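K.L.:
below is the sequence, then the predicted model.
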2 protein chains.
Amino acid sequence: MTTRDTRSSAAIGSHKAYLTGSRPDLRVPVRRVHLTDGNAVTLYDTSGPATDPAVGTDVRRGLPSLRHRWIAERRADGTGDVTQLAYARRGVITPEMEFVAIRENRPPEFVRDEIAAGRAVLPVNVNHPESEPMIIGKNFLVKVNANIGNSAVTSSVEEEVEKMTWATRWGADTVMDLSTGRDIHTTREWVLRNSPVPIGTVPLYQALEKTGGRAEELSWEIYRDTVVEQAEQGVDYMTVHAGVLLRYIPLTARRKTGIVSRGGSIMAAWCLAHHEESFLYTHFAELCEIFRAYDITFSLGDGLRPGSVADANDEAQFAELRTLAELNRMAKVHDVQTMIEGPGHVPMDKIKENVDLQQELCEEAPFYTLGPLTTDVAPGYDHITSGIGAAMIAWWGTAMLCYVTPKEHLGLPDRDDVKTGVITYKIAAHAADLAKGHPGAQVRDDALSDARFEFRWEDQFNLALDPDTARAYHDATLPAEPAKTAHFCSMCGPKFCSMKISREVMEKYGPDGADASLSEAEIEAGMLAKSREFAEAGRRVYLPLTD
Amino acid sequence: MTTRDTRSSAAIGSHKAYLTGSRPDLRVPVRRVHLTDGNAVTLYDTSGPATDPAVGTDVRRGLPSLRHRWIAERRADGTGDVTQLAYARRGVITPEMEFVAIRENRPPEFVRDEIAAGRAVLPVNVNHPESEPMIIGKNFLVKVNANIGNSAVTSSVEEEVEKMTWATRWGADTVMDLSTGRDIHTTREWVLRNSPVPIGTVPLYQALEKTGGRAEELSWEIYRDTVVEQAEQGVDYMTVHAGVLLRYIPLTARRKTGIVSRGGSIMAAWCLAHHEESFLYTHFAELCEIFRAYDITFSLGDGLRPGSVADANDEAQFAELRTLAELNRMAKVHDVQTMIEGPGHVPMDKIKENVDLQQELCEEAPFYTLGPLTTDVAPGYDHITSGIGAAMIAWWGTAMLCYVTPKEHLGLPDRDDVKTGVITYKIAAHAADLAKGHPGAQVRDDALSDARFEFRWEDQFNLALDPDTARAYHDATLPAEPAKTAHFCSMCGPKFCSMKISREVMEKYGPDGADASLSEAEIEAGMLAKSREFAEAGRRVYLPLTD
């Protein structure tokens, strides 16, 4: 297998660096942007070894086995459960916890306590040693998931691996492989061996392939074997639609768009066919035991999520949520980490109710939401309809956002769609981090605003979420190289520039200005003097670059 | 002058229609989408005669003079002020008010009362008879403004006229011509004569051209003459940065990004140079008299709006807002319609404070905001960073949103950027209409969701904000014509489809279903029967299209 070169100028103007922890094999990757004013800004980096020139990556070999020793040491230890939740509850700070503590600039004890309380999860299957630990919880940076996956209709294994690498390059914190066609096992194997981020799946999709697409032929045994197969490969978290109970199905009958979750509808079909309670629900305790053995994290799926704003916050949705809360408690009894999935399509005025109810019922377990889309009228732009809802729900407490691409409802995302989806959701997540007052979140905004104010174009580009696009858009209007150092931009042109005026005010009255310590009366007097100076010198208020 | 064909398939699957009011020349345009299920959905339409095949448009001739007779009749009437505010206060319902009443599906008396109270504006210069009346106020549909305008650096008159037509095609409710280079007067003339929507300007930009770019050489007289020149041409609303007072300028000195408003910085430069109070402020009453004579609407500019999230909601911004509130009261004394401009760059947690304070201080005068951008880190994607803030601020009471294009901070928008900006802001505005529970807003969402659920692909496309893009994305994955009538989509493929399951549930238990009136116990029993039927018939839960 070969992949196209996925390097981009996201890496130009910056370089990969590592922060070392309490042991030499604990090296936390960061991206360091070097500014032309001599400063540097350190950014969270999800891109893994692929962006480190010192590590030659080879798709056929997979990534280095970063966590191999930590896992082996714990196995030798033999003190009991291997889940991060179990360790946290025993008061142990694992290397994984220390890793995310450094990554998030929080004390290791805080990380441990958030996991122990079930407010955060650290998804790390013992069989996915390649992954760089990351944490999902409302008291940490908001995370973004990107979905990939071939379907019965299109796309190849190779494409999916490349999409995964591409998604993490632009900032995806986790990737879900939702493949449904042939080669599910092989696709997942390649994705896992090359992924620096946790990988999630929906095992039900593969189980359904095993029955030739016949939902009623599914069984606990087929499902269980599929889960074990994927657990052995190293899947870090799995969506389980165990909250779609038989008695909830008629609640969807009066909906505008019924059941839109694929997993939800598969389970509904099974329940209808057998008139039995969902095997995912009745066998949940056994499932917990499998998850515990590998430290797989539950992502309890919202199979009855609304598929239109008309269906938002209805009885079917909230009935399922109450069941997910019950399952969350059961998972915790088994020391299994758990997060809860959320909607879907929700108008803005109904978003907060979702996250508040989930947090209350599920004892603050991390909420993991798809969007939500705030209107149904813009197919082709659902990254935007949902980006609005995603930013809001994350501000109010959602821990991880599942991206939506422009192709949602219309087709499978290609490489460009994946990038657009990831960048849109990085914006939503970061806007939420700012609104939550997350420590340090504003450093990047401030650095970029400083660069903008000082016309340091290259620094603006390098600090941007997408340096390539920012640079290309600038060059489309003012392509000449000197324009990148010019003290003006194409909006006002060289003859008049608002930034210039502002700088004059700032140089006079700002913190480092000539008159920073003056009283208001003195400022008034100073302004009068400045006024005279202007008149006498015949100065102009623009930069005389062109005349 | 020639323009490229700006027709698009926004008009395919729909046709232009008119709702007639109390007189035959009062014809309100709508777009009627004909669905394949025999129903039709009627949509608000801003595109003017350009999308009516019965009206041949010729850029050189301009649009028909729709309001000419109404204006002439009122002049003959001679009862006093010609502003819509003056009429509303006298209890008169003008044809313009009736027009917007039909357009918004509200009683004409309600329209009149909202204008009389200053809670809404209806910008209609007596010299712009081509425009189709529209209303801006929080109790009406949220409106979107698109900025066009050449600069000293790039673009031509022709391009700007085409951008205006293109912007209204996609739903822009007003257009601001922010030209700053040569040909300002000519560009504006062509734009006005061809615009079916109100046109706004910032007269200060042209005044500055007259002084060769020297802000200190501006004067009330130069400015006044420019306003009269533009008033004569028919500009419907004008941004006036009269709230940038001398004493507020030092408040910006400690900001991260100083003064970023072009108009604000021009006035700051003038104040600094002369050490005098702004001539816009000291001559405001005279300006009101000019505005009253033409029924021009004030858009009181926020010259000290924040240019970075770091500067949001600071003393400079709110000091200016208090002055704008004072000017709003003065304008009302002169019977001049007024709206208030707002930020800018504001993190999500500080947005509501802006609109609440504006509404309180300015006696509910319409708020007209630029975004706000909720983070500074994504140049190239500021339609999205700001679309998030725009949706939220509109939900909370902003009446009109000024769009931001992907080129913001980087360059001037081209045709594609204009479309992306308009569509993004139509999404934000519509999401807000839904969240506010605006009557009838959800009709389009519901119709599109119905079409989606029933796999009526063509109806989905035709109801979409951008039918072209929705259709193109669908075809990219499943290009064959039969796929547009197929009962599946590329996400799940033909072998398993969640919609199919949902429809089975709905056919059984839905409002028109076989068992719609059953009790819960009966439903349980029915599900058991259905289960047996499934087993006996050996039915599969997918549509057997491929095997």
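P.N.:
Perfect, thanks for sending it. Numbering: from 1, shown residues only, chains lettered A, B, ... in the order given.
K.L.:
nearest residue to the closest residue to chain B within the stretch 301-450 of chain A in space, please, no chain neighbours.
P.N.:
At 3.1 Å from chain B, A:G411 is the closest residue in the stretch 301-450 of chain A, using C-beta to the nearest C-beta. Bear in mind the C-beta positions are built from the backbone N, C-alpha and C, glycine included. Of all residues not flanking A:G411 in the chain, B:T477 sits nearest, at 3.1 Å (C-beta to C-beta, 6 or more residues apart in numbering or on different chains).
K.L.:
so the one you found makes contact with A:H409?
P.N.:
No: counting by C-beta atoms under 8 Å, B:T477 does not reach A:H409; the two are 11.3 Å apart.
K.L.:
for the longest helix along chain A, name the packing helices and strands.
P.N.:
In chain A, ranked by residue count with DSSP state H as the criterion, the top helix is helix A:415-435. Applying 3 or more C-beta pairs under 8 Å, 6 or more residues apart in numbering or on different chains; DSSP states H and E, one finds that helix A:415-435 contacts strand A:143-148, helix A:157-169, helix A:382-395, strand A:400-402, helix A:442-453, helix B:382-395.
K.L.:
show me what the fifth one packs onto, helices and strands only.
P.N.:
With contacts defined as 3+ C-beta pairs under 8 Å, 6+ apart, helix A:442-453 has these neighbours: strand A:40-44, helix A:415-435, helix A:457-463, helix A:498-509.
K.L.:
cool, and the shortest one?
P.N.:
Counting contacts by 3+ C-beta pairs under 8 Å, 6+ apart, the secondary-structure elements packed against strand A:400-402 are strand A:143-148, strand A:367-370, helix A:382-395, helix A:415-435.
K.L.:
which of these sits most buried?
P.N.:
helix A:382-395 (a mean of 30; mean count of other C-beta atoms under 10 Å in any protein chain shown).
K.L.:
return that helix as CSV; C-alpha atoms alone will do.
P.N.:
Taking Å, rounded to 0.1, in the frame of the first residue of the first chain, the C-alpha atoms of helix A:382-395 are listed here in CSV:
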residue,chain,number,x,y,z
ASP,A,382,-24.1,21.0,7.0
HIS,A,383,-20.6,21.5,8.3
ILE,A,384,-21.9,25.1,8.9
THR,A,385,-25.4,24.4,10.1
SER,A,386,-23.9,22.0,12.6
GLY,A,387,-20.8,24.0,13.4
ILE,A,388,-23.0,26.6,14.9
GLY,A,389,-24.7,24.0,17.2
ALA,A,390,-21.4,22.3,17.9
ALA,A,391,-19.8,25.5,19.2
MET,A,392,-22.8,26.2,21.5
ILE,A,393,-23.2,22.7,22.9
ALA,A,394,-19.4,22.5,23.6
TRP,A,395,-19.5,25.8,25.4
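K.L.:
that one close to chain B?
P.N.:
Yes: against chain B, helix A:382-395 shows contacts by C-beta under 8 Å from any C-beta of the partner chain at A:383-385, A:387-388, A:391-392, A:395.
K.L.:
could you dump those to TSV with pLDDT?
P.N.:
What follows is these, written out as TSV (pLDDT from 0 to 100):
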residue	pLDDT
A:H383	98
A:I384	98
A:T385	98
A:G387	98
A:I388	98
A:A391	98
A:M392	98
A:W395	98
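K.L.:
who's in contact with the spatially most central residue of chain A?
P.N.:
For chain A, the residue nearest the mean C-alpha position is A:V144 (1.1 Å; C-alpha atoms, centre = their mean). Counting by C-beta atoms under 8 Å, 6 or more residues apart in numbering or on different chains, A:V144 touches A:171-174, A:400-403, A:422, A:425-426, A:428-429.
K.L.:
and A:D466, by the same measure?
P.N.:
Contacts of A:D466 (C-beta under 8 Å, 6+ apart): A:10, A:170, A:419, A:423, B:378, B:380-381.
K.L.:
do the same with A:E363
P.N.:
By C-beta under 8 Å, 6+ apart, the neighbours of A:E363 are A:118, A:325, A:328-329.
K.L.:
of these, which is the most crowded?
P.N.:
A:G118 (23 neighbours; other C-beta atoms under 10 Å in any protein chain shown).
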